[in-house]
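Enquirer: Below are the sequence and a predicted model; questions follow.
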Amino acid sequence: AQSVTQLDSQVPVFEEAPVELRCNYSSSVSVYLFWYVQYPNQGLQLLLKYLSGSTLVKGINGFEAEFNKSQTSFHLRKPSVHISDTAEYFCAVTLYGGSQGNLIFGKGTKLSVKP
Amino acid sequence: GAVVSQHPSWVICKSGTSVKIECRSLDFQATTMFWYRQFPKQSLMLMATSNEGSKATYEQGVEKDKFLINHASLTLSTLTVTSAHPEDSSFYICSAAGDTLRYFGAGTRLSVL
């Protein structure tokens, strides 16, 4: 079975500071990895995904994540955050790269960007 | 704009009543619908998966007679919580999957008094 651990439930950070949201996963087989963002009163939106190829994945809004197979991690980073990045971020894995596969989510990390 | 519309966003009901939650895909055909439940500070837990025109597949531990899922068309799926009790209070999220992409509804907060 697969599982996802998001090590920080809340991350407060000042505007324009860098941020890293940590995600580790457990799986005995290869998985595909995703980061989703949820703004207040909105549905989850895909930030980025790793399916294959380069381990450094760039997503929307200046976010990027690096897949590290040996450490089973997929940490999300942004060099300079904005107030508008305040949201909840979910890391997820699936065995199937298409849209139909079941996603297994972490508990989420609330990012609070302060002025 | 939103590509998946989920209604209502918040519902309060009395214990013993039934509540229906709608999930509509806008501008695309959702061949598969997923229904999740999320408790506070917990991850989204898959309740069931449904394909248009077929019976839903429920995850272990989810009562299919309590959580009725209907996916009668490629743009609409409904989750009915029958005879709701306070322990059913939770945040319910639908996800619609087309051929290549998946979108999520904004969720429904159910409070059973």
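Expert: Yep, that arrived.
Enquirer: okay, CA-based contacts and neighbour counts for the rest of this
Expert: Will do.
Enquirer: so where is chain A shaky, pLDDT-wise?
Expert: For chain A, no stretch is flagged by pLDDT under 70.
Enquirer: Which helix or which strand is home to the nearest residue to residue A:60 once chain neighbours are set aside?
Expert: Nearest-residue entry for residue A:60: residue A:47, 5.6 Å, with adjacent residues in sequence omitted and distances by CA to CA, 6 or more residues apart in numbering or on different chains. Using DSSP states H and E, residue A:47 maps to strand A:45-50.
Enquirer: quick one, strands of chain A?
Expert: Remark: strands assigned in chain A by DSSP state E are A:3-5, A:10-14, A:19-21, A:24-26, A:32-38, A:45-50, A:56-58, A:64-68, A:73-78, A:87-94, A:104-105, A:109-114.
Enquirer: buried residues in the second one?
Expert: Neighbour counts using 16 or more other CA atoms under 10 Å in any protein chain shown place residue A:13 of strand A:10-14 among the buried residues.
Enquirer: per-residue confidence at residue B:30?
Expert: We have a pLDDT of 89 for residue B:30.
Enquirer: Next up, the contacts around it.
Expert: The neighbourhood of residue B:30, defined by CA atoms under 8 Å, 6 or more residues apart in numbering or on different chains, consists of B:52, B:74, B:75, B:96, B:97, B:98, B:99.
Enquirer: From the centroid of chain A, which residue is nearest?
Expert: Centroid check for chain A by CA atoms, centre = their mean gives residue A:35 as the closest residue, at 3.2 Å.
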